[in-house]
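Chemist: Next one to model:
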Amino acid sequence: MKYLPHIDGLRALAVLSVFLYHLAPGLASGGYIGVDIFFVISGFLITRIIKDKAEDNNFSFSNFYIRRARRLLPAFVATVIFTFIVGYLILSPQKLTELANTGAWALAGVSNIYFYNNLGYFDLSSDSQLFLHTWSLAVEEQFYLIWPTMLLLILTLGKTTQKYALLTLAIMGMAASAWITKTNPDAAFYMMPARTGEFAFGAILNFFAFNSLKGIFARILADLSLIIVTAMLILLPATIEFPGLVVYLACLATSILIVIGDKGYLSAALLRHKASVKIGKISYSLYLVHWPLIIYSNELGYQVEGISIVIILVVGILLAILSERFIERPFRTPDGLWKTDLSVAASSGFVVIFTFFLLANTLAEKGYPERLPESLRFIATSVDSEKERRFEILNIMCQQRGWKTCRTRSEDKRNVLILGDSQGVDGLNILTKFLPLNHYILDAVPGCPPMTVEAFNKLIKKKSENYQQCRELTYRNIEESTYQDIDTVVISANFASWYQPQELNHFLQQLRSHYAGNILIFGNPPNLVKDLPEIALSTTSPTIAGRKTYTYLVQDQNYDQELEDIAKNYNAIFESKAGYFCFEQKQACAIYVEGTNFLFSYDERHLSIAATEKIATELKNKYQNWYGLFLSTQH
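Modeler: A predicted model of the protein is given here:
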């Protein structure tokens, strides 16, 4: 097959756009489309390989998959192993266990299925998944499994029918992408069927002659296509419904560049440039290493901004050069380290099995907590149990009352209604320790803070996980009957960039129109950019101070003053959560609950049982007369 250097230039554009998107989304907000450029290129090249071999009566499934193993497996397995080694040195047992789990899915070629079932690509939680980027490689591997057979069947048809078959496949792929994006956006992003049309856009190029594309028209068309792709890479927002149909504009432009990218003025100059071609040749290794490199930079506490962006980019390219030279190249050709197909199969099998064993043993050993000093081992081994303890009081309360009747009112105790999102249970844990004889009712849905119906329609997407539950809760919260026999309403929710105090202000305005009882508003706990156990295990300091403060505390979510002002307007009481753990104007926080070995949180923003007990104790000292104020234990 004739070598086309401008395709390596396209690969360079694709991989650098993905790298920049992950490093600094503001520089290339649509950089994720680089993956789709790769899909079109793969569809073109794999189809050409199979078609040429089949037309020469020389195609062999075993040879095809041996070539794929030579091309893809060495660098992939090496990346998994080296990522694991670094993780063993710097990650907590929980994170290392997570790495081993996702690494096994990646090695099996089905990481896209795992991430589809567990998180979305644009979720904040995806920022810590070291093998998240392998979803696209899994999609390609799944394409390789079905495409040879499909293509061989298509090649048995007449020449004209072959073209119609490929066109039909491309159109069906576009329709599937549009439909699945509307009905199940995560499946559209992660799953191979929704990406079929992108591969087909590349494949179909092998069935048409483009001899008429020449001269000034070809030059202008090639340059225009490059401008379109570049504009999409830089300007397309991450919030757009994707892939849908919009991705096919990039696919069409990429297809044109594959055919005539070496004929344009601008496209030829850029895509055939020596630097572009060289980066294209290392694009596979660069794609493999770029994401773990970024994640580990974050894990070590470095801000990925300014000069560090350039440093990470350069280090990534250097690692990719080494990987291509000493891992990819020696294994790729029969005159390298793998001289026979048998050696490819045997050594591949051994290395993959060894790596699976390494990852499986890590899962069995729960991330090797014995690596840690004894002082930190308790934290590492108690994360899951402490997360479960948050719900003990709620579970006991509702088991005693019956889950279906857990929200019923008491006739002989003061009824305290707690409204909130996932932090509602924190309010429950505080108050049951503070004033245990009241009758508490928790009405909360994760991701659904108290709000008006107008705010719900504006803020909560229909595709949200708890959309229907949130809708029911919102309508229930505005009904006057909800507050009959309620002595006190407590707000315990997380205020963030999307749900700010002004939304609570609107809700309280409605609430006060028919409820004259007591209201208690809790502020935010310390909001962190990563789980507190991870922070505690990465620093010997008992506080998140100095550089660590800036690195780990969410700087724009301290709304205490604003919430206190709102509370005064509605004759409510405000209590800060962060104030019991943070100092220096809440810019530094104690990691441990005073006098204990427990952290104030075991994730990014929910309080531990020890933390809620501390707040309850402080409230008893602060409000010694509160029993007679409005949270009295006597009705």
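
Chemist: Next, count neighbours for I41.
Modeler: A count of neighbours around I41, defined by other Cβ atoms under 10 Å, yields 23. For every residue, glycine as well, the C-beta is placed using N, CA and C.

Chemist: got any ranges where the stretch 151-300 of the chain has weak pLDDT?
Modeler: Of all residues in the stretch 151-300 of the chain, none has pLDDT under 70.

Chemist: hey, where'd the strands end up in it?
Modeler: Shown for the stretch 151-300 of the chain, no strands are assigned by DSSP state E, counting those that start in this stretch.

Chemist: Check the stretch 401-550 of the chain too.
Modeler: 415-420, 439-444, 488-492, 518-522, 543-544.

Chemist: E472: which of those strands is closest?
Modeler: Taking Cβ to Cβ, strand 439-444 is the member of the strands of the stretch 401-550 of the chain nearest to E472, at 10.2 Å.

Chemist: Sheet partners, orientation included, of that closest one?
Modeler: Using DSSP bridges, the strands paired with strand 439-444 are strand 415-420 (parallel).

Chemist: any idea of the mean pLDDT for the one helix or strand V40 maps to?
Modeler: Element membership for V40 (DSSP states H and E) is helix 34-55. Helix 34-55 comes out with an average pLDDT of 97.

Chemist: who does that helix touch, helix- and strand-wise?
Modeler: helix 5-23, helix 61-90, helix 134-154, helix 196-203, helix 247-260 (3 or more Cβ pairs under 8 Å, 6 or more residues apart in numbering; DSSP states H and E).

Chemist: Between helix 61-90 and it, find me the angle.
Modeler: Put simply, helix 34-55 runs at 150 degrees to helix 61-90, going by axes from the mean of the first three to the mean of the last three Cα atoms, to 10 degrees.

Chemist: buried stuff in helix 34-55?
Modeler: Within helix 34-55, the residues scored as buried using 16 or more other Cβ atoms under 10 Å are 34-51, 53-54.

Chemist: and what of stretch 147-158?
Modeler: Using 16+ other Cβ under 10 Å as the test for burial, stretch 147-158 gives W147, P148, L151, I154, L155.

Chemist: Could you single out the nearest of these to F242?
Modeler: W147 (23.2 Å).

Chemist: what's near enough to touch that closest one?
Modeler: I46, T47, I50, F199, A203 (Cβ atoms under 8 Å, 6 or more residues apart in numbering).

Chemist: from the residues you listed, which is closest to A176?
Modeler: F199 (12.2 Å).

Chemist: what residue ranges in the protein score low on pLDDT?
Modeler: The model of the chain has pLDDT under 70 over residues 1, 120-127, 334-339, 463, 538-551, 554-557, 584-587, 624-635.

Chemist: per-domain residue ranges of it.
Modeler: 5-370, 378-526+557-582+611-628 (automatic domain parsing).

Chemist: Using a markdown table, please lay out the ones you listed together with distance to T596.
Modeler: Output for the domains of the chain, formatted as a markdown table (distance: least, Cβ to Cβ, whole Å):
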| stretch | distance to T596 |
| --- | --- |
| domain 5-370 | 20 |
| domain 378-526+557-582+611-628 | 8 |
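
Chemist: so E305 touches A24, yeah?
Modeler: Yes: E305 sits in contact with A24 when judged by Cβ atoms under 8 Å, with a separation of 7.3 Å.

Chemist: So if I had to pick from those two, which one is more boxed in?
Modeler: Remark: of E305 and A24, A24 carries more neighbours, 18 against 10, as counted by other Cβ under 10 Å.

Chemist: okay, now the residue nearest to F208 when sequence neighbours are not counted: neighbour count?
Modeler: Computed as Cβ to Cβ, 6 or more residues apart in numbering, the closest residue to F208 that is not its neighbour in sequence is K163, at 6.8 Å. Using other Cβ under 10 Å, K163 has 15 other residues around it.

Chemist: Hmm, K163 is touching N206, no?
Modeler: No: contact criterion Cβ under 8 Å: K163 and N206 do not qualify, at 10.3 Å.

Chemist: how deep is the nearest residue to N429 once chain neighbours are set aside tucked in, by neighbour count?
Modeler: In this structure, N429 finds its nearest non-sequential neighbour in T612, 3.8 Å apart by Cβ to Cβ, 6+ apart. T612 is flanked by 27 other residues according to other Cβ under 10 Å.

Chemist: Which positions within the helix or strand that contains T612 qualify as buried?
Modeler: In this assignment (DSSP H and E), T612 forms part of helix 609-622. Neighbour counts using 16+ other Cβ under 10 Å place I609, A610, A611, T612, E613, K614, I615, A616, L619 of helix 609-622 among the buried residues.

Chemist: For that helix, report the contacting residues that lie outside it.
Modeler: Residues outside helix 609-622 that contact it (Cβ under 8 Å, 6+ apart): 386, 389-390, 392, 426, 429-431, 433-434, 525, 575, 577, 580-581, 593-594, 596, 598-601, 607, 626.

Chemist: Repeat that for stretch 35-42.
Modeler: For stretch 35-42, the external contacting residues (Cβ under 8 Å, 6+ apart) are 7, 10-11, 13-15, 17-18, 136, 139-140, 143, 195, 198-199, 201-202, 229, 243, 247, 250-251, 254-255, 258, 287.

Chemist: ok, now how distant is T452 from L153?
Modeler: As judged by Cβ to Cβ, to the nearest Å, T452 and L153 stand 58 Å apart.

Chemist: no no, M451
Modeler: Taking Cβ to Cβ as the criterion, M451 is separated from L153 by 55 Å.

Chemist: can you count the residues close to T340?
Modeler: Neighbourhood size, T340 [other Cβ under 10 Å]: 10.

Chemist: do S576 as well
Modeler: Number of residues near S576 (other Cβ under 10 Å) recorded here: 21.

Chemist: That one against I521, yeah?
Modeler: No: using Cβ under 8 Å, S576 is not in contact with I521, being 9.9 Å away.

Chemist: what sits against the residue nearest to F208?
Modeler: Contact analysis of K163 by Cβ under 8 Å, 6+ apart lists I204, F207, F208.

Chemist: Having no further points to raise, I will conclude here.
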